[in-house]
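A.B. asks: Output the structure for:
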Amino acid sequence: MADLPPLRHPDGSSVRALVVDDEPALSEAVGMGLSMVGWEVAVAGDGPSAVREARRFRPDVLVLDVMLPGFDGVEVLTEIRASAPSVPALFLTAKGGLEDRITGLAAGGDDYVSKPFSLEEVVLRLHRLVLRSGLTAVRSTELVVGDLALNLDTREVSRGGQDVELTATQFDLLRFLMENSRRVLSKAQILEGVWDHAFDGQSTVVGLYISYLRKKIDQGRAPMIHTVRGAGYVLKPAEELNGSQRR
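C.D. replies: Down below sits the predicted model:
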């Protein structure tokens, strides 16, 4: 197991992970790995019990098998996100199960690992998801592009003074775009900057998450996120885009 820096809440309490899989040996192995890095772990073996356990345990991160008895991992995530909209989730998918991966990501999953997997990889990815969620980090920097503002300390986002709610991955994607505002970013650059790996070459995840952001950032407003055909995506202040169009 990699020597990871310990993660705790600002009040000193442990990070909590809910592991949901109908294979007890797998859940036990993942739980043991997370316990070794100091996390609290709860497990569930089917959809209904996972939702009940989430209400009791209030996890900081989810590990969800796509295929579960009762109802599947996507439905579990939907139920949990109804009361905890920003909790990050890692899906466990069948080897080569591209459809499962796309389904999980489309439902709002933040990452995935294919079975059989390396326990160390799962722990590393979950560690990174929690770091990205802002539960343990304290920062006080604000990014501003036009009327769009992102606070790295509170993880609050607003446009034109109106609050915008984002998942952990949507927040990281927006931050990356804002940190590189006015710069055209390729899908490969975005994958590396936001996910740290290429999703086995499945760059379609970038377009998927760009569409999520557009619905939350641009819908009903002058657009800030634009596609540059054959090159990638760029975020610019809306007034700058409008001004260039007038010229």
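
A.B. asks: I'd like the mean pLDDT over the lengthiest helix in the chain, please.
C.D. replies: Longest helix of the chain, by residue count under DSSP state H: helix 119-133. Helix 119-133 carries an average pLDDT of 89.

A.B. asks: Same check on stretch 83-94?
C.D. replies: Mean per-residue pLDDT for stretch 83-94: 89.

A.B. asks: returning to what we had before: after the longest helix of the chain, which helix or strand is next?
C.D. replies: strand 142-145 (DSSP states H and E).

A.B. asks: how long is stretch 187-195 end to end?
C.D. replies: One end of stretch 187-195 sits 11 Å from the other (CA to CA, to the nearest Å).

A.B. asks: next one: stretch 47-67
C.D. replies: End to end - CA to CA - stretch 47-67 spans 9 Å.

A.B. asks: Report the distance from that stretch to the chain centre.
C.D. replies: Stretch 47-67 has its C-alpha centroid displaced from the chain centroid by 16 Å (CA atoms, centre = their mean, to the nearest Å).

A.B. asks: Just the buried residues of it, please?
C.D. replies: By neighbour count on 16 or more other CB atoms under 10 Å, the buried set for stretch 47-67 is 47, 49-51, 53-54, 57, 59-66. To be clear about C-beta, it is placed using only N, CA and C from the backbone, and glycine gets the same treatment.

A.B. asks: quick one on the thing from earlier: so what does the longest helix of the chain touch, helix or strand wise?
C.D. replies: Helix 119-133 sits against helix 24-36, strand 61-65, strand 89-93, strand 111-114, helix 168-179, with contacts defined as 3 or more CB pairs under 8 Å, 6 or more residues apart in numbering; DSSP states H and E.

A.B. asks: give the contact list for residue 104.
C.D. replies: Taking CB atoms under 8 Å, 6 or more residues apart in numbering, we find residue 104 in contact with 64, 66, 73, 74, 89, 91, 93, 112.
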